[in-house]
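Chemist: predicted structure and sequence below. I'll ask about it afterward.
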Amino acid sequence: MQKKIITRFAPSPTGYLHIGGLRTALYNYLYAKNRGGKFLLRIEDTDLKRNSQEATQAIIEAFKWCGLHCDEEIVYQSKRLELYKQYIQKLLDEKKAYYCYTSKEELDELRKAQEARKERPRYDGRYRDFKGIAPSGIEPVVRIKAPLSGEISFNDGIKGEIKFKVADILDDFIIARSDGTPTYNFTVVIDDALMGISDVIRGDDHLSNTPKQIVLYEALGFEIPQFFHLAMIHGEDGKKLSKRHGATDVMEYKAMGILPEALLNFLVRLGWSHNDDEIFSLAELEKLFNPHHISKSASSYSFKKLEWLNAHYIKTLPFERINQQLKDLNFDLSAVHKAGFLLDILRQRAKTLLELILGAKSILEPPKHYDEVAVKKFVNDENLIFLEKFANALKAQSNAKEFEDFTNEFLEKNGIKLKDIAQALRIALTGNAVSPSIFEVLEFLGIQECKQRIQKFLEFRKKQ
Ligand code: GLU
């Protein structure tokens with residue numbers, strides 16, 4: 001029988017949901033879904049100085065927007081402090097951990113002496129087997145009795161066999177600070193074990209924590225999960241992804257008019273592939289995803305690729321879904337006459353929802369002003385004459401194709417080409433030269449409205 005897969009995403013709420021974090025969450029989510037398991041969310045908010053309520057809310061909001069649902073109540077570490085204390089006490093009672101009274105000054109001295117001997121700075125275990133009377137005036141920390149020699153190894157689902165020499169990385173590290181609060185590695189292990197986490201997919205910036213966590217799993221008698229450490233996302237220059245390369249906050253993508261479908265599709269491909277396929281719906285990913293196929297090497301972020309995917313989803317998603325996302329950007333097509341047609345006209349070329357909104361506004365609202373650069377470039381006295389003639393000749397047609405035929409006849413009669421008036425017509429109808437097919441705009445607006453807009457433009461030009 002296959003084991004039950006339970007995965008988790010465990011962000012520390014220090015700001016916003018980073019797109020790298022969302023990729024980690026997505027991989028965990030997909031693996032759980034693929035194997036009929038569970039995906040859980042845990043907020044690691046024990047660092048009261050660095051964590052905030054707003055940051056937690058921002059993460060939850062971003063999750064909602066992406067449509068990644070967790071299968072149980074969200075776990076907050078800040079509500080589990082008593083539980084951690086119980087396990088620290090257990091390790092103390094079993095003599096697997098001990099109180100350490102070394103003062104800060106003593107630790108500084110120790111470090112300096114080790115540095116002078118060119119040794120790795122590490123705690124020397126002086127209270128490991130201490131039987132004497134505790135020095136007064138010092139609130140002790142609790143340290144784990146870590147192995148003193150040998151190796152710690154595990155089989156990473158992405159990187160393969162990983163071995164750490166105890167001498168190179170371990171000492172009796174602190175599991176509870178002098179104020180009694182547990183440290184990061186300790187809470188992660190307690191929670192992963194008690195939440196039944198079978199598989200941990202996380203960034204390889206956590207790789208050096210893993211041997212410490214394994215020491216704790218063993219001391220506590222918990223089963224060690226399967227680890228997968230993901231290579232970081234890089235910018236196109238090969239450097240670690242940062243704000244210099246593009247937005248890192250998931251919600252900034254929402255504000256830019258990126259669809260969650262596109263962002264998730266984009267992120268999943270930063271490190272995972274299936275044949276040469278590029279387009280995957282969430283449902284398809286749930287069927288296909290296997291973390292053992294995640295690439296070992298770092299993958300690189302390209303905004304162009306994201307835009308390309310976004311354009312694909314804008315073109316193909318149902319009206320209701322697009323409109324739901326538009327509403328989040330304070331634009332609503334629900335009450336617009338022929339809204340489906342308008343969306344079909346616009347979505348052929350919009351790369352973002354913001355472009356789509358701009359396009360929709362430029363068609364729905366008669367222009368309040370005209371793009372100066374476009375006017376200078378495309379409008380002259382000659383094409384204005386034809387524009388006026390065109391407005392006068394314009395007759396009702398039943399669709400864009402008929403408007404095209406009608407326009408072609410007009411052009412032929414007047415011995416001009418479409419390019420001679422197309423941009424001027426666009427500017428007159430929408431205020432700029434980037435609208436979709438003018439024949440579709442003519443169909444959408446109807447001839448009355450078009451005539452009025454052209455007239456208004458001609459008047460505006462006369463006044464100049
Ligand atoms: N809270 C850690 C972070 O935000 C993640 C812990 C883990 O995945 O093990 O980086």
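Modeler: Yep, it's here.
Chemist: going forward, measure contacts and count neighbours with C-alpha atoms only.
Modeler: Will do.
Chemist: return the residues of the protein in contact with the ligand.
Modeler: Listed as neighbours of the ligand in the chain under the rule CA under 6 Å from any ligand atom: A10, P11, S12, E44, R202.
Chemist: tell me which element the residue of the stretch 101-250 of the chain found nearest the ligand falls in.
Modeler: When distances are taken as CA to the nearest ligand atom, the stretch 101-250 of the chain reaches nearest to the ligand at R202, 5.0 Å away. Using DSSP states H and E, R202 falls within strand 199-203.
Chemist: which parts of the helix or strand just after that strand are buried?
Modeler: Counting by DSSP H and E, the element after strand 199-203 in chain order, helix or strand, is helix 210-220. Within helix 210-220, the residues scored as buried using 16 or more other CA atoms under 10 Å are T210, P211, K212, Q213, I214, V215, L216, Y217, A219, L220.
Chemist: for those, which one is nearest R143?
Modeler: Minimum distance to R143 across those is 10.9 Å, recorded for L216 (CA to CA).
Chemist: which phi and psi does the closest residue to T7 other than its chain neighbours have?
Modeler: Among residues not flanking T7 along the chain, F39 sits closest, at 4.9 Å (CA to CA, 6 or more residues apart in numbering). For F39, the backbone dihedrals are phi -120, psi 130 (criterion: degrees, to the nearest 10).
Chemist: now the two most distant members of the residues of the chain next to the ligand.
Modeler: It's E44 and R202 that sit farthest apart of the residues of the chain next to the ligand, by CA to CA, at 14.1 Å.
Chemist: tell me the bridge partners for the residue of the stretch 101-250 of the chain closest to the ligand.
Modeler: When assigned by DSSP bridges, R202 has beta-bridge partners H229.
Chemist: does it really touch Q226, like I thought?
Modeler: No: in this structure R202 lies outside contact range of Q226 using CA atoms under 8 Å: 11.1 Å.
Chemist: who has more neighbours out of the two?
Modeler: R202 (24 against 14; other CA atoms under 10 Å).
Chemist: show me what contacts the more buried one?
Modeler: When contacts are counted by CA atoms under 8 Å, 6 or more residues apart in numbering, R202 touches T24, F227, F228, H229, L230.
Chemist: got the contact list for the third one?
Modeler: Read it as F228. Contacts of F228 by CA under 8 Å, 6+ apart are D156, G157, I158, K159, D199, V200, I201, R202, P291.
Chemist: could you tell me the angle between whichever strand or helix holds T24 and strand 199-203?
Modeler: Per DSSP H and E: T24 is located in helix 19-34. For helix 19-34 against strand 199-203, the angle by axes from the mean of the first three to the mean of the last three CA atoms, to 10 degrees is 160 degrees.
Chemist: which elements pack onto helix 19-34?
Modeler: Judged by 3 or more CA pairs under 8 Å, 6 or more residues apart in numbering; DSSP states H and E, helix 19-34 is in contact with strand 6-9, strand 38-43, strand 199-203, helix 260-268, helix 282-288.
Chemist: right, so of these, which gets closest to Y253?
Modeler: Between the helices and strands packed on helix 19-34, helix 260-268 lies closest to Y253; by CA to CA that is 7.9 Å.
Chemist: so for I19, what's the pLDDT?
Modeler: We have a pLDDT of 95 for I19.
Chemist: same check, this time on E449
Modeler: The model's pLDDT for E449 equals 97.
Chemist: just give me the neighbour total for it.
Modeler: By the measure other CA under 10 Å, the count of residues near E449 is 14.
Chemist: I59 too?
Modeler: 25.
Chemist: ok, it touching L17?
Modeler: Yes: the pair I59 and L17 qualifies as a contact (CA under 8 Å) at a distance of 5.1 Å.
Chemist: got the buried residues for the longest helix anywhere in the chain?
Modeler: Longest helix in the chain, counting residues (DSSP state H): helix 438-463. By neighbour count on 16+ other CA under 10 Å, the buried set for helix 438-463 is 438-447, 450-451, 453-458.
Chemist: just checking, what packs against the helix or strand bottoming out on mean pLDDT in the chain?
Modeler: Each helix and strand of the chain was given a mean pLDDT (mean pLDDT, DSSP states H and E); the minimum falls on strand 299-300 at a mean of 88. For strand 299-300, the packing partners by 3+ CA pairs under 8 Å, 6+ apart come out as strand 233-234.
Chemist: helices or strands next to the strand it packs on in the packing?
Modeler: strand 299-300.
Chemist: can you list contacts of whichever helix or strand comes after the strand it packs on?
Modeler: Later in the chain than strand 299-300, the nearest helix or strand by DSSP H and E is helix 303-316. Residues from elsewhere that reach helix 303-316, judged by CA under 8 Å, 6+ apart: 246, 258-259, 261-263, 265-266, 279, 322, 344, 347-353.
Chemist: need the pLDDT of K239.
Modeler: 89.
Chemist: tally of neighbours for it?
Modeler: The burial count for K239: 13, using other CA under 10 Å.
Chemist: with P140 as the reference, measure out to it.
Modeler: K239 sits 42 Å away from P140, going by CA to CA, to the nearest Å.
Chemist: swap in L364?
Modeler: 70 Å.
Chemist: so between the two, which is more surrounded?
Modeler: Comparing L364 with P140 by other CA under 10 Å, the one with more neighbours is P140, at 20 against 15.
Chemist: got the contact list for that one?
Modeler: With contact set as CA under 8 Å, 6+ apart, P140 has these partners: Y99, C100, Y101, T102, R177, S178.
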